[in-house]
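*Asks:* one predicted model, sequence on top.
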Amino acid sequence: MSESDKESNNVIWGGRFSSGPSAIMQEINPSIDFDWKLFAHDIAVSRAHAFMLGERGIIDAADASSIAIGLDRILSEMNAGTFSFSRALEDIHMNVEARLTELIGPAAGRLHTARSRNDQVATDFKLYVRDMIDRLNTQCRRLQWALAVKALDCADMVMPGFTHLQSAQPVTFGHHLLAYVEMLHRDRGRFSDARRRGNECPLGAAALAGTSFPIDRYMTAELLGFDRPTANSLDSVSDRDFALEVLAAGTITVLHLSRFAEEIILWVTPQFGFLKLSDAFTTGSSIMPQKRNPDAAELIRAKTGRILGAFTGLSLVLKALPLSYSKDMQEDKEPVFDALETLSLALCAMTALVKDMQPDPVAMRRAAMSGFSTATDLADWLVSRLSMPFRDAHHIAGRLVALAESGGVGLQDLSLAQMQSIEPCINEDIFSVLSVEQSVSSRISYGGTAPENVRKMAENWCEFLKEERGSDPSEGPY
Ligand code: ARG
């Protein structure tokens, strides 16, 4: 094909056209600037399709094998970066086919038998999304691992637990970290669900109605690692649920990351001082020499907008779109590429931050002791030792807090006489529940913050995650 052919009139679909697209059409129409990313998937799909056509006798064996050889050659050109993509050829599918024609001649024209770009692009895109799900799942697991290891290390490190961002009850830092391990596990569950539901192969649905050729859709589905072919040809080419689902799941994941990022940002401030990050993850200010800014955490927090934005954007592309394929659907790719790659980077960055963070147990303990954080323990003592109804105990504990506050001291600093002035039955034993260590150690209910619980949970997670990871050497060290 000559360059002028390419520019003036698309030789692949241009049979009924007498003139080429206008300059503005050439601007708005192509997707190759972004869908080149699908090249490996596109070639895998064409490989499977050509093999099936050969097996079913729809094309002859010699053509099937020269198509396969040509496709392999194109793949290596693309991997080597020597392939020249043409915007005039619109998209990845036609770039591959045009090059195949250059390489093997007329046999290339047989590859598109019994398929359309509509089922082809749906299949390519599903393969991309599936690969990304697998990558994100692994990255979530690595983050869980980093958190569980740190949690084990910090199983008895006392910090304030917050509600309303007000000091509420003491917890351990390990417990706090394990909360994120749980969230990430739900995230992974959502990714796995999406993968399972989406793992049906649209190839062979052709343009929208199926085909009269005796194709074997089970064969191509199996060759491409799908569980089965999709059951309705119209749905096959118009479905983008698999992309929406992963964006929805990814949005929830990045929301989790943003909450943790926000906490890190607060905790590294001199006002909190709970954590330090190394120079590797902070930046200085060009004017204020004392600054250490937690840029990585701030960026993770901010990436949330892009990922939720992608979900919203794709939802609006699909809203009210009649069946089956419309060119609108070409707008599905950029937000998905951007969002999933962004999430992947955010997960890697968060894992690195967790490994890097240095908690300050003294600052955390000091903060845990302020704000009358053991007032609930005091009330619980009144209930269990004096058999008081919890509501009454809550009231008395409140009065004791007020007394301590007016004296500018902590609960543990009140004298027994002062306590008895409010509740005469209180005895010396009360002081055994007012320390933060005692408070956390007493919370042994399942899922509670007691260090022995946290240690056990963290150990269980480490064991589970290690087993899940297996001995795959490509995974590298955590
Ligand atoms: N580039 C197109 C896309 O990404 C491929 C499908 C084109 N199909 C068509 N009927 N024009 O959606």
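*Replies:* Alright, I've got the coordinates. Please read these numbers as outputs of a predicted model, since none were measured by experiment.

*Asks:* so what's Asp235 up against?
*Replies:* When contacts are counted by Cβ atoms under 8 Å, 6 or more residues apart in numbering, Asp235 is found next to Leu323, Ser324. C-beta here means a position set from N, CA and C on the backbone, and glycine is covered the same way.

*Asks:* for the helix or strand containing it, buried residues please.
*Replies:* Taking DSSP states H and E as the definition, Asp235 sits inside helix 233-238. Of the residues in helix 233-238, those with enough neighbours to count as buried (16 or more other Cβ atoms under 10 Å) are Ser233, Asp235, Ser236, Val237, Ser238.

*Asks:* and the pLDDT at Gly470?
*Replies:* As predicted, Gly470 sits at a pLDDT of 80.

*Asks:* apologies, that question was intended for Ser373.
*Replies:* Looking at Ser373, the pLDDT reads 87.

*Asks:* check the offset of whatever helix or strand comes next after the helix holding Asp235 from the chain's centre.
*Replies:* Remark: after helix 233-238, the chain's next helix or strand is helix 241-267, criterion DSSP H and E. Averaged C-alpha coordinates place helix 241-267 at 7 Å from its chain's average position (Cα atoms, centre = their mean, to the nearest Å).

*Asks:* got the buried residues of helix 233-238 as CSV, with distance to the ligand and pLDDT columns?
*Replies:* Shown next, in CSV, are the buried residues of helix 233-238 (distance: Cβ to the nearest ligand atom, whole Å; pLDDT from 0 to 100):
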residue, distance to the ligand, pLDDT
Ser233, 14, 98
Asp235, 16, 98
Ser236, 13, 98
Val237, 9, 98
Ser238, 11, 98
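
*Asks:* taking the stretch 201-350 of the chain, what residue is nearest to the ligand?
*Replies:* Gln330 (3.7 Å; Cβ to the nearest ligand atom).

*Asks:* that residue: how many residues sit nearby?
*Replies:* Gln330 is flanked by 18 other residues according to other Cβ atoms under 10 Å.

*Asks:* so what pLDDT did the closest residue to it other than its chain neighbours get?
*Replies:* The shortest distance from Gln330 to any non-neighbouring residue, by Cβ to Cβ, 6 or more residues apart in numbering, is to Ser31 (5.0 Å). Per-residue confidence at Ser31 stands at 97 (pLDDT).

*Asks:* what sits against Ser31?
*Replies:* Counted by Cβ under 8 Å, 6+ apart, Ser31 has contacts Glu90, Asp91, Ile92, Gln330, Lys333.

*Asks:* how much space separates it from the ligand?
*Replies:* 4 Å (Cβ to the nearest ligand atom, to the nearest Å).

*Asks:* kindly report the same for Arg385.
*Replies:* Taken as Cβ to the nearest ligand atom, the span from Arg385 to the ligand is 71 Å.

*Asks:* also Val362?
*Replies:* Counting by Cβ to the nearest ligand atom, the gap from Val362 to the ligand is 57 Å.

*Asks:* give me the mean pLDDT for the helix or strand hosting that residue.
*Replies:* Counting by DSSP H and E, the element that carries Val362 is helix 361-369. In this model, helix 361-369 carries a mean pLDDT of 95.

*Asks:* got the buried residues for it?
*Replies:* So helix 361-369, judged by 16+ other Cβ under 10 Å, has buried residues Ala363, Met364, Arg365, Ala367, Ala368, Met369.

*Asks:* and stretch 439-449, by the same measure?
*Replies:* Buried, per 16+ other Cβ under 10 Å, within stretch 439-449: Ser439, Val440, Ser441, Ser442, Arg443, Thr449.

*Asks:* next: stretch 155-174.
*Replies:* Per 16+ other Cβ under 10 Å, stretch 155-174 contains these buried residues: 155-162, 167, 169-174.

*Asks:* do the same with stretch 257-264
*Replies:* So for stretch 257-264, counting by 16+ other Cβ under 10 Å, buried means Leu257, Ser258, Phe260, Ala261, Glu263, Ile264.

*Asks:* stretch 282-296 now?
*Replies:* Quick answer for stretch 282-296 (16+ other Cβ under 10 Å): Thr282, Arg292, Asn293, Pro294, Ala296.
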